[in-house]
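# A structural model of the following input is requested.
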Amino acid sequence: MTVAFTFPGQGSQAVGMGKALAEAFPQARAVFDEVDSALGQKLSAVMWEGPEADLTLTANAQPALMAVSMAVMRVLEAEAGLDLARDAAYVAGHSLGEYSALCAAGAFTIGDAARLLRIRGDAMQKAVPAGQGAMAALLGLDFAAATAAAAEAAQGEVCQAANDNGGGQVVVSGSKAAVERACEIAKAKGARRAVILPVSAPFHCALMQPAAEAMQKALASVDIRQPVVPVVANVHAEAVLQPEAIRASLVAQVTGTVRWRECVAFMAAHGVTTFFEVGSGKVLSGLVKRIAEGAEGTSIGTPDDIAAFKARPRS
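Numbering: from 1, shown residues only. Prediction:
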């Protein structure tokens, strides 16, 4: 099999996402209703009507992005006859998208995924007092150089690589002053740009340890089934199938690096040439083309995208 399905992370949210799906397909509407019910909140109203500031809150954005991804999945299953076990070699997701990938592959129920992501979003937000942490994108440096810049900038504080996105884009995370130092060091090392990101907390670094502990507790009480297709884990950049390994990787992911470049390279090395990005936005589809030479990245997030998926030639 040469196909993988990928699931986007935070930053891909947009007011209005999923609304056209819900209006066009009862399967999508059912997913949004299920998430609203699991959270005891009309999250769908925030998704479709905003305000954007509310949707961007980590505790809302995380379950909302999963909801859109799963709405697309349920429509693809009903309308296009998609069967992941038959049609995909792997699934993978970027940060919170790993929960979407696991849900799509049957490891989690939609309700459990929504509740876990609400806990994850709350815990990540509360782990570091506002203004004490930061994240920055270092553009034009490879992973080794970016990691070296972060280590040099730390000076006894936390500063580490949070996302290795590929295509010369590495995000660092940690204490605010250390991340600001990393930006200057990266520029001196030849980075094309170093940009502080408008995020509410320093995700995927050691400062998130309280959130990792919260997720360890939350995941311990949730039933995780073996996924129907291997999930390429962010922190390992290789496939995991066993529920206990999945549980451990999701805990490690909170403070660990999202090794997205290596995840895509792993799938490509195992024969994947077509990556379908399921949900809101097109970020991962753009990255695929910069990581895996000759690979095709296609986003599926709207009724028109679903029609195009149905109409594509089958090999």
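
# so where do the strands sit in this structure?
Assigned by DSSP state E, the strands in the chain fall at 3-7, 90-93, 133-139, 159-164, 169-175, 193-196, 231-232, 239-240, 274-278, 296-300.

# CSV please, covering those and showing mean neighbour count, distance to P63 and mean pLDDT.
For glycine as for every other residue, the C-beta is placed from the backbone atoms N, C-alpha and C. Shown next, in CSV, are the strands of the chain (neighbours: other CB atoms under 10 Å; distance: least, CB to CB, whole Å; pLDDT from 0 to 100):
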stretch, mean neighbour count, distance to P63, mean pLDDT
strand 3-7, 28, 13, 98
strand 90-93, 29, 14, 98
strand 133-139, 23, 21, 96
strand 159-164, 25, 20, 98
strand 169-175, 27, 22, 97
strand 193-196, 16, 26, 96
strand 231-232, 26, 19, 98
strand 239-240, 22, 22, 98
strand 274-278, 26, 16, 98
strand 296-300, 19, 20, 97
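
# Could you point out which residue ranges in the stretch 51-200 of the chain have low pLDDT?
Applying pLDDT under 70 to the stretch 51-200 of the chain flags no residue at all.

# Who are the contact partners of M124?
By CB atoms under 8 Å, 6 or more residues apart in numbering, the contact set of M124 is 58, 201, 203, 208, 211, 254.

# Tell me which entries of those lie within helices.
Counting by DSSP state H, these place 58, 211, 254 in helices.

# Which residues are in contact with the second one?
With contact set as CB under 8 Å, 6+ apart, A211 has these partners: 120, 123-124, 126-127, 254-255.

# Same question for the last one.
In this structure, V254 makes contact with 120, 124, 204, 208-209, 211-212, 215, judged by CB under 8 Å, 6+ apart.

# how about a cut-off of 7 Å?
Applying CB atoms under 7 Å, 6 or more residues apart in numbering, one finds that V254 lies in contact with 208, 211-212, 215.

# For those residues, which two are the farthest from each other?
M208 and M215 (9.5 Å; CB to CB).

# So which of those two has more stuff around it?
Using other CB atoms under 10 Å, the more surrounded residue of M208 and M215 is M208, with 26 against 23.

# that older thread, now, which of the contacts of A211 sits nearest I224?
Among these, and counting by CB to CB, the member closest to I224 is R120, at 14.8 Å.

# Burial check on that closest one, number of neighbours?
For R120, using other CB under 10 Å, the count is 26.

# what sits against it?
If a contact means CB under 7 Å, 6+ apart, then R120 has 62, 96, 211, 215 as its contacts.

# So the second one sits against Q10, correct?
Yes: under the criterion of CB atoms under 7 Å, L96 is in contact with Q10, at a separation of 5.9 Å.

# just checking, A114 touches V35?
Yes: in this structure A114 lies within contact range of V35 using CB under 7 Å: 4.6 Å.

# Check the contact lists of these two and give me the overlap.
Both A114 and V35 are contacted by 63, 67, under the criterion CB under 7 Å, 6+ apart.

# what sits against N60?
43, 46, 54.

# same thing with V199?
Contacts for V199 were tallied using CB under 7 Å, 6+ apart; they are M135.

# cool, and A59?
A59 neighbours (CB under 7 Å, 6+ apart): 118, 121-122, 125.

# Okay, now the unreliable bits of the stretch 201-315 of the chain?
Residue ranges of the stretch 201-315 of the chain with pLDDT under 70: 315.

# Show me which residues of stretch 304-315 are buried.
305-306, 309 (16 or more other CB atoms under 10 Å).

# correction: stretch 177-193
Buried residues in stretch 177-193, defined by neighbour count with 16+ other CB under 10 Å: 178-183, 185-187, 189, 191.

# what's the answer for stretch 59-78, then?
Within stretch 59-78, the residues that qualify as buried are 59-76, counting by 16+ other CB under 10 Å.

# For the closest residue to V158 other than its chain neighbours, list each beta-bridge partner.
Among residues not flanking V158 along the chain, G174 sits closest, at 3.9 Å (CB to CB, 6 or more residues apart in numbering). Beta-bridge partners recorded for G174 (DSSP bridges): A134, C159.

# Which residues are in contact with G174?
Residues near G174 by CB under 7 Å, 6+ apart: 133, 157-160, 202, 205, 207.

# Could you do G18 as well?
Neighbouring residues of G18 by CB under 7 Å, 6+ apart: 28, 32, 47, 67-68, 71.
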